[in-house]
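A.B. asks: Sequence first, predicted model second:
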Amino acid sequence: MGTLYTAPVSVSSSQTVKAIAYKAGMTASTVASASYTIVSGVSTPTLFPSAGSYTSTQTVRMSTATAGAAIRYTTDGSTPSATVGTLYSGPFAVSATTTVKAMAYAAGMADSGVATALYSIVAPPVITSVTPTAGVGGTLVTIAGSGLGAARGSGGVWLGSVNGLVVSWSDKQVVANVATGSVTGVARVQQNGSWSNAVTFTVAGGTVTLVPNVMNLEVGQTQVIQARGTNGQAVTGLSWSSSNTGVVSLSASDPPALTAVAAGRVTITATSASAGGASADVTVVSGAPPLETVLWSNPVSASQIIPAVPSQTGVADVFAVSGSTVHAITSEGITAWTVDLGETNPWVLADFRGGLVAVRDRTITSFDGRTGQAVSAYSIPNRADTGLLSVAVHTDGTIFAHLNTRGTSRSYSTFVGIDPVTGGQKFSVELPNPRAATQIIVAGDGYAYMGYAYPDSSGTSGHLKVVRVDSGGRYSLIDVWDWQGPTYDPFPFYGEGAITNADDGILLSWQWPSGQETFIRHLTRVSSSGASDAAGPEIAGQEQAPITPMLQMEDGTLVGVAWVGTSGRRMRSWCRTWWRLMRVGVCGGAWRGRSRTLRWRVEA
């Protein structure tokens with residue numbers, strides 16, 4: 001009985017094997033017995049992304065096919081085990097060249113094998129300046145930066161629409177000539193297979209620029225492009241071409257739509273006899289581009305970027321301010337429209353209709369979100385003693401403005417509401433002339449709030465209040481603090497900021513001097529039910545200003561900024577830089593400290 005043994009037996013599952021030996025004319029042996037327990041192994045972890053060379057920080061994720069198994073990993077080259085290594089709890093970043101090893105384990109099962117992945121992080125070259133940023137064929141161009149490579153090797157320089165002619169090369173500076181026949185495009189450096197950031201480079205003789213002028217696409221993706229003249233207007237009637245239609249093809253429309261066909265890099269060129277030419281640099285990858293990849297670059301040189309409010313009556317996703325011009329830019333990098341406000345670095349706010357509100361030349365102007373055309377303008381009273389302190393926009397479009405009048409007979413301020421369609425004044429609330437005021441803030445409850453402090457006529461007492469106004473002009477004045485006694489120089493209240501408190505009014509951060517250079521910090525809740533004061537946060541070395549709340553997290557925690565610095569007198573004169581609050585400029589004060597970000601919780 002049993003199977004005749006002729007060769008080694010494979011045991012693949014837990015079982016007991018019994019055997020006897022026998023021979024004719026002899027007594028059979030006793031029974032030998034052995035139990036074999038086969039422990040199944042845990043599946044070896046899978047690491048994503050796969051090992052390879054990358055130009056930016058990679059987020060590493062791990063998984064195992066064995067349910068309930070835990071993973072441990074190392075990043076120092078050592079071998080992980082069930083007791084060695086970091087317990088994997090979620091994705092982690094690899095910012096430098098690192099070997100990651102991982103294994104998985106579970107109770108009652110054999111440990112998995114070790115998965116290994118080498119992530120080589122090679123930082124791409126970085127351009128910090130290009131001099132000059134315009135030229136013709138033969139122009140000598142100096143590119144400064146870092147990581148350009150101590151020697152050229154396989155590196156190269158792109159100037160305009162073709163490779164430049166390299167003259168000299170070092171890790172921090174490359175010098176090259178613009179090649180004959182190049183047209184407007186970008187300046188870039190390639191080293192170790194990676195391209196640097198791009199800087200717009202203009203070739204003289206052309207009057208157009210392509211927008212965007214740098215794009216990184218996925219295979220199968222489509223992208224719009226446009227040509228814009230020196231006046232900022234769209235230009236059509238150009239001859240468009242792709243240096244490799246097998247990588248990026250162009251539609252027959254004017255301007256064309258780009259389609260990413262296969263991985264590679266191409267130059268898109270648009271030319272005409274009258275406008276000259278311009279180019280755009282396009283890279284196509286299979287799959288999602290690496291983290292931190294620039295998806296597109298609009299060549300406008302912006303000093304401010306203001307997010308637009310999504311609206312069916314607007315086309316922009318951001319407003320970019322360059323000099324006196326505002327560019328309405330879409331999520332695809334296209335410039336939808338431009339408007340010249342006539343002032344360098346104008347005061348611009350996004351409204352809730354997709355357009356913007358601009359303060360210029362004693363007027364508050366509303367601009368249409370689709371076309372950029374001026375819709376209405378409110379004129380600030382043309383008096384030398386009247387100035388604009390702050391502006392905010394309600395979700396229904398109403399524009400709030402705080403005006404201050406310092407007359408010879410009396411001084412006062414007014415809180416006005418402006419109709420964005422007609423430019424007419426909807427209402428006006430007269431207030432005492434403030435010695436300090438916060439910016440107007442439209443809170444989550446739909447009301448505009450503004451804190452202001454002013455002395456009584458005697459100068460020996462005063463009040464801190466908050467005005468709460470809706471877009472129809474209904475308002476209330478909420479008492480926050482009253483003081484008695486002589487007024488300190490410059491003034492006992494420094495208003496530093498307000499932030500919306502979810503959907504229930506605002507939080508007002510302020511302080512009260514308890515001595516020449518010591519203060520009591522306050523954080524006051526202000527809403528329809530009044531004001532509720534509490535001690536404000538303070539950190540060691542905090543300067544003569546309360547903490548400015550900048551952001552409220554979902555759990556109610558606040559993130560803010562405090563000024564910290566050296567001990568002793570922090571200002572060269574009493575006058576604070578009130579631009580953050582009232583936009584009236586710098587009047588002699590100077591901080592010597594530094595800012596510090598902190599986070600704190602507001603207790604109910």
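C.D. replies: Yep, it's here. Residues are numbered from 1 along each chain as shown.
A.B. asks: what's near enough to touch the closest residue to Ala96 other than its chain neighbours?
C.D. replies: Distances taken as CB to CB, 6 or more residues apart in numbering place Ile121 nearest to Ala96, at 5.4 Å, with adjacent residues excluded. Any C-beta I mention is one placed from the backbone N, CA and C, and that applies to glycine too. By CB atoms under 8 Å, 6 or more residues apart in numbering, the contact set of Ile121 is Ser53, Tyr54, Thr55, Ser56, Thr57, Gln58, Val94, Ser95, Ala96, Thr97, Thr98.
A.B. asks: same thing but 6 Å
C.D. replies: Tyr54, Ala96, Thr97 (CB atoms under 6 Å, 6 or more residues apart in numbering).
A.B. asks: Could you export those to JSON lines, including columns for pLDDT, neighbour count and secondary structure?
C.D. replies: Below are these laid out as JSON lines (pLDDT from 0 to 100; neighbours: other CB atoms under 10 Å; DSSP: H, G, I helix; E, B strand; the rest coil):
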{"residue": "Tyr54", "pLDDT": "85", "neighbour count": "18", "secondary structure": "strand"}
{"residue": "Ala96", "pLDDT": "90", "neighbour count": "10", "secondary structure": "coil"}
{"residue": "Thr97", "pLDDT": "93", "neighbour count": "12", "secondary structure": "coil"}
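A.B. asks: Out of those residues, which comes closest to Leu47?
C.D. replies: Minimum distance to Leu47 across the contacts of Ile121 is 13.4 Å, recorded for Tyr54 (CB to CB).
A.B. asks: ok, what's across the strand from that closest one?
C.D. replies: As for beta bridges, Tyr54 partners with Ile121 under DSSP bridges.
A.B. asks: circling back to that earlier point, quick one: which of the contacts of Ile121 is nearest to Ser43?
C.D. replies: Tyr54 (26.1 Å).
A.B. asks: How much space separates that closest one from Thr200?
C.D. replies: Computed as CB to CB, to the nearest Å, the Tyr54 to Thr200 distance reads 27 Å.
A.B. asks: swap in Ile399?
C.D. replies: Noted for Ile399: a distance of 35 Å to Thr200, by CB to CB.
A.B. asks: These two: who's more crowded?
C.D. replies: Ranked by neighbour count (other CB atoms under 10 Å), Ile399 and Thr200 place Ile399 first, with 26 against 19.
A.B. asks: With Val559 as the reference, measure out to the nearest residue to that one once chain neighbours are set aside.
C.D. replies: For Ile399, ignoring the flanking residues on the chain, the nearest one in space by CB to CB, 6+ apart is Ile418 at 4.0 Å. Noted for Ile418: a distance of 32 Å to Val559, by CB to CB.
A.B. asks: again with Thr548
C.D. replies: 10 Å.
A.B. asks: So for the two, which residue has more residues nearby?
C.D. replies: Ranked by neighbour count (other CB under 10 Å), Thr548 and Val559 place Thr548 first, with 17 against 14.
A.B. asks: The more buried one pairs with what?
C.D. replies: Counting by DSSP bridges, the residues bridging with Thr548 are Val561.
A.B. asks: pLDDT at it, what is it?
C.D. replies: Looking at Thr548, its pLDDT is 81.
A.B. asks: Can you verify my assumption that it contacts Val561?
C.D. replies: Yes - using CB atoms under 6 Å, Thr548 makes contact with Val561 at a distance of 5.0 Å.
A.B. asks: So which residues of the stretch 351-500 of the chain form strands?
C.D. replies: 356-360, 363-367, 374-379, 386-393, 399-406, 411-418, 425-432, 436-437, 441-442, 448-455, 461-469, 475-484, 497-500 (DSSP state E, counting those that start in this stretch).
A.B. asks: where in the protein is pLDDT low?
C.D. replies: 383-385, 407-409, 485-496, 515-517, 544, 565-604 (pLDDT under 70).
A.B. asks: the helices in it, which residues?
C.D. replies: Listed in chain order, the helices of the chain (DSSP state H) span 579-582.
A.B. asks: From Val467, how far out is the residue nearest to Ile399?
C.D. replies: According to CB to CB, Ile418 and Val467 sit 16 Å apart.
A.B. asks: So between those two, which is more surrounded?
C.D. replies: Set side by side, Ile418 and Val467 show more neighbours around Ile418, with 24 against 21, by other CB under 10 Å.
A.B. asks: who does that one bridge with?
C.D. replies: Beta-bridge partners of Ile418, as defined by DSSP bridges: Ile399, Gln425.
A.B. asks: do Leu523 as well
C.D. replies: Ser509, Ala534.
A.B. asks: That one: neighbour count?
C.D. replies: Leu523: 23 neighbours (other CB under 10 Å).
A.B. asks: Can you name the residues that contact it?
C.D. replies: Leu523 sits in contact with Leu507, Ser509, Ala534, Gly536, where contact means CB under 6 Å, 6+ apart.
A.B. asks: rerun at 10 Å
C.D. replies: 499, 507-511, 532-537, 546-547, 549, 558, 560, 600, 602 (CB atoms under 10 Å, 6 or more residues apart in numbering).
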